[in-house]
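Asker: mind folding the following:
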Amino acid sequence: MTSKEIRQSFLDFMASKGHQVVPSAPMVIKDDPTLMFTNAGMNPWKGIILGNDPIKYPRVADSQKCLRVSGKHNDLEEVGHDTYHHTMFEMLGNWSFGDYFKQEAIDFAWEYIVDVLKIDPANLYATVFEGSKEEGLERDNEAASIWAKHLPADHILNGNKHDNFWEMGDTGPCGLCSEIHVDSRSAEERAKVPGRELVNKDHPQVIEIWNIVFMQFNRKADGTLEPLAKKVIDTGMGFERLVRTIQGKTSNYDTDVFQPMLKKIGAICGCEYGKDEKTDIAMRVIADHIRTIAFAITDGQLPSNEKAGYVIRRILRRAVRYGYTFLNMRSAFLYQLVPQLIADLGEAYPELVKQEAQITPVIKSEEEAFLRTLDKGITLLDKLMAEAKKAGKTEISGVDVFTLKDTYGFPLDLTELILRENGFTTNEDEYEKALAHQKEMGRSANKQDLGDWTVLREGDTEFVGYDELTCATQVLRYRQVSQKGKSFYQIVLSKTPFYAEMGGEVGDTGTLGNIRIIDTKRENNLPVHIATELPENIEGEMTATVDVERRQAIACNHSATHILHYALREVLGKHVEQKGSLVTPDSLRFDFSHFQKVTPEELRKVEILANQLIRQDIHLEESRHTPIAEAKAMGAMALFGEKYGDDVRVIKYGPSVELCGGCHVSSTGRIGSVRILLETSIAAGVRRIEAVTAAKADELYFATQDTLNGLRSLFNNAPDLTAAIHRSIEENAGLKKQIEQFMAEKIEHFRDHLISAAENFGEIKLVRLQGEQNPELIRGVMPLLRGKFTDVKFAVVAATQFEGKPTIAVFLSQPLVDTGLNAGAMIKSAAKNIQGGGGGQAWFATAGGRDINGLKAAMDELLGALK
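Answerer: Residues are numbered from 1 along each chain as shown. Sure thing, here's the model as predicted:
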């Protein structure tokens, strides 16, 4: 079976068992503060598992895009060095939310693996939880007895808490699990060492392919377990490992998941996979990483220096440096792999096909930028090695090496390679201490201590904020949270008008009873109200009220992003698509796909069209429960990287139709006007505009008007201000030329004066300058003197003042410089007399200072040096 056939066979099998097959959720997570990426198949279902979301389908199956760059066996720096771990991977999974449990989950797994995929049962092993005294849990005899129907006793193994007890995090849903392992070794190897002795021993050919989690507990903050209200089955089967098993390979990279890509890399780089271990590692790294990079960009996450964007940039740069170091790729090449990736995965994930024009230029731009960084890093490293060599050392400071990596993005492995080639080492202890210090700083900054929820009453939160900004409510539960030395409370309400931050729109603020709500966040799809204290009568009924003016300002800006999106598509073309946004009370930010700078004329057209729609006062047409197919038929665009349900909310202002869950004005006229502040590039093929609306647009108008009035007053209220400014600039340029001519003449006269004032000072012709003198004049005349006295010992010594500040200067003709005199050294020493500092060249140097009273002493010292 091909990989495509295997993926489809799983989905078809689960559909035959009553599961609703759903498309993969985005790999990049937008609205969960606890996660940046989907790192397990269950992530999209956290809301249901935690009881925050309703159960739409009791049985679900999918193939989920996942990304892991840390944790057990998932250190990014190790990917590519073995043959079975990856950054981005596909997780085949099936779930039951309060429907079936252990019996059906195990039987489904066995039927699919043995009857559909035809894997030999003799090579299969199952692990069950061995029990834990500290948790008060017995061995999972129930799972073991179910497996006994399918496997002999010596193929059912006990697993410890590390391998067979699954937890979502430090707190939250958890439970026992049962893993299925397959022994892919040859018959001869199996005869020598039984597979049961190699399960969970990191043997590359005896691997776990499916994990079945029996989620039945909730872990509290104090570490104790309590039963979940509804039991959940959560299974995950690594797609790449499964394909390897079915296709009889010993490496994931030998399957048809990766082989076409490895051949493409070989064609571009002029190498062949399987010929050299170092080359093979580099090719595996690139084949793995290009998947992660492309899917992240498809889901709307551009490489950057922050959070999720930093992870993607780090992965991209790792791929580039492996190509640079081991495949001799000195120019951008990753972007050329995108067509092959689409050929491999475009059918299963059509978003890749639709976003190809976005993915390619972003990758190319990032590659080129990092290659410039590599060149800069090599220059800096050359300097460090030269300094060490000069000092007679062969070891480079570990702190300097860490700075190269942390500040300049220069990879450690490349640094070590270059150092070895040049006979240098680095102090690893210093490096590790610097790295540990940085990690500890990061952990301290992000550490959050969560208390247990205090549950006052059961129930779900009803959001009424689209229609009401105040309502009566009750507290369902609350908990205390500590972070960065501050303590605050998270409060969940039975009914709320507060919009929780999502989709780029900031959360509401307001009051709850007698306290302030300082923010509203969404955690695991649960609206959480943030406060620094608890309400007085926390168990009673209270009133929740949103800050009305702030909400209205947010709504104006959010509706304006829709209007601007429409206007941009009308002016620039239908290729324009939203790539991100930020909506606050003060302004809006809108990112969109476009491959060149938007001209001032185009921006003006966008602004004019947007304001025309605003002045038409188009009333909002809102549909809160529209089937997504119907919404798309209405013209609404589904944004890549966003997760939509079967029913969506449609926001329509005349020709502008969008899927959106945010807060909006009742008609466009309430926006007042929109004014674009700036337009910039944030990545290859992605532009950003920032704008203001309503009262902030008025403030911008008034500020501009005040500036113009101020300018007019400077130009005697000239009726044509532009013409008056042009005249002033032209007059200024003319006067500047006259001044330059005057100064040139003055410097020539000054030169002649100095020559005539020269006195004999031993063998030297000397000019002493004292009193009030412009230092600019002194500096200007020196080149003229240098050209005149090429074979005469001529010197100028100045100790002058100008506008109350002392200056000293020395000029030496070339014959004096040839005797060993150095103006720079003379000035550096004499400057101390005027409490100053300066320097220059051997023939001319100058210094300024603070003490005029020291000018005589400075002059005496300079004359002494000449003697």
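Asker: alpha carbons of whatever helix or strand Trp210 lives in, as CSV, please.
Answerer: Here Trp210 is covered by strand 206-219, with elements defined by DSSP states H and E. Below are the C-alpha coordinates for strand 206-219, written out as CSV (Å, rounded to 0.1, in the frame of the first residue of the first chain):
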residue,chain,number,x,y,z
VAL,A,206,10.9,-2.4,17.8
ILE,A,207,8.7,0.7,18.0
GLU,A,208,5.4,2.0,19.3
ILE,A,209,2.9,2.6,16.5
TRP,A,210,-0.4,3.3,18.3
ASN,A,211,-1.2,4.7,21.8
ILE,A,212,-4.7,4.2,23.2
VAL,A,213,-5.4,6.5,26.1
PHE,A,214,-8.2,5.7,28.5
MET,A,215,-8.9,9.3,29.8
GLN,A,216,-10.8,8.8,33.0
PHE,A,217,-9.2,11.1,35.7
ASN,A,218,-8.6,14.8,36.3
ARG,A,219,-5.3,15.8,38.0
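Asker: who does it pair up with?
Answerer: Strand 206-219 has its sheet partners listed here by DSSP bridges as strand 172-183 (antiparallel), strand 225-238 (antiparallel).
Asker: how far away from the center of its chain is it?
Answerer: 31 Å (C-alpha atoms, centre = their mean, to the nearest Å).
Asker: what is the mean pLDDT for it?
Answerer: In this model, strand 206-219 has an average pLDDT of 93.
Asker: extract the residue ranges of the protein that are flagged as low pLDDT.
Answerer: Low-confidence segments of the chain (pLDDT under 70): 31, 70-75, 442-448, 638-643.
Asker: give me phi/psi at the residue nearest to the spatial centre of it?
Answerer: Nearest to the geometric centre of the chain sits Gly309, at 2.1 Å (C-alpha atoms, centre = their mean). Torsion angles at Gly309 (phi, psi; degrees, to the nearest 10) stand at phi -60, psi -30.
Asker: hmm, it is touching Asp299, no?
Answerer: No. With contact defined as C-beta atoms under 8 Å, Gly309 and Asp299 do not form a contacting pair (11.8 Å). Yep, even glycine has a C-beta here, placed from its N, CA and C like the rest.
Asker: is Arg59 in a bridge, and if so with what?
Answerer: Per DSSP bridges, the residues bridged to Arg59 are Ser96.
Asker: that older thread, out of the strands paired with strand 206-219, which gets nearest to Thr722?
Answerer: Evaluated with C-beta to C-beta, the strands paired with strand 206-219 place strand 172-183 nearest to Thr722, the distance being 64.5 Å.
Asker: quick one on the thing from earlier: for the residue nearest to the centre of the chain, give its distance to Leu588.
Answerer: 20 Å (C-beta to C-beta, to the nearest Å).
Asker: circling back: residue contacts, the residue nearest to the centre of the chain?
Answerer: Taking C-beta atoms under 8 Å, 6 or more residues apart in numbering as the contact definition, Gly309 lies against Gln301, Leu302, Pro303.
Asker: okay, and which of the residues you listed map to strands?
Answerer: Residues of these located in strands (DSSP state E): none.
Asker: tabulate those residues (TSV), appending distance to Asp851 and neighbour count.
Answerer: What follows is those, written out as TSV (distance: C-beta to C-beta, whole Å; neighbours: other C-beta atoms under 10 Å):
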residue	distance to Asp851	neighbour count
Gln301	60	25
Leu302	56	22
Pro303	55	25
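Asker: quick one: the helices in the stretch 601-750 of the chain?
Answerer: Per DSSP state H, counting those that start in this stretch, the stretch 601-750 of the chain carries helices over the ranges 628-633, 694-714, 721-756.
Asker: in JSON lines, list these along with mean neighbour count.
Answerer: Listed next are the helices of the stretch 601-750 of the chain as JSON lines, based on neighbours: other C-beta atoms under 10 Å:
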{"stretch": "helix 628-633", "mean neighbour count": "14"}
{"stretch": "helix 694-714", "mean neighbour count": "13"}
{"stretch": "helix 721-756", "mean neighbour count": "12"}
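Asker: for Val546, give the beta-bridge partners.
Answerer: So, taking DSSP bridges as the rule, Val546 has Gly510 as bridge partners.
Asker: kind regards, and thank you for your time.
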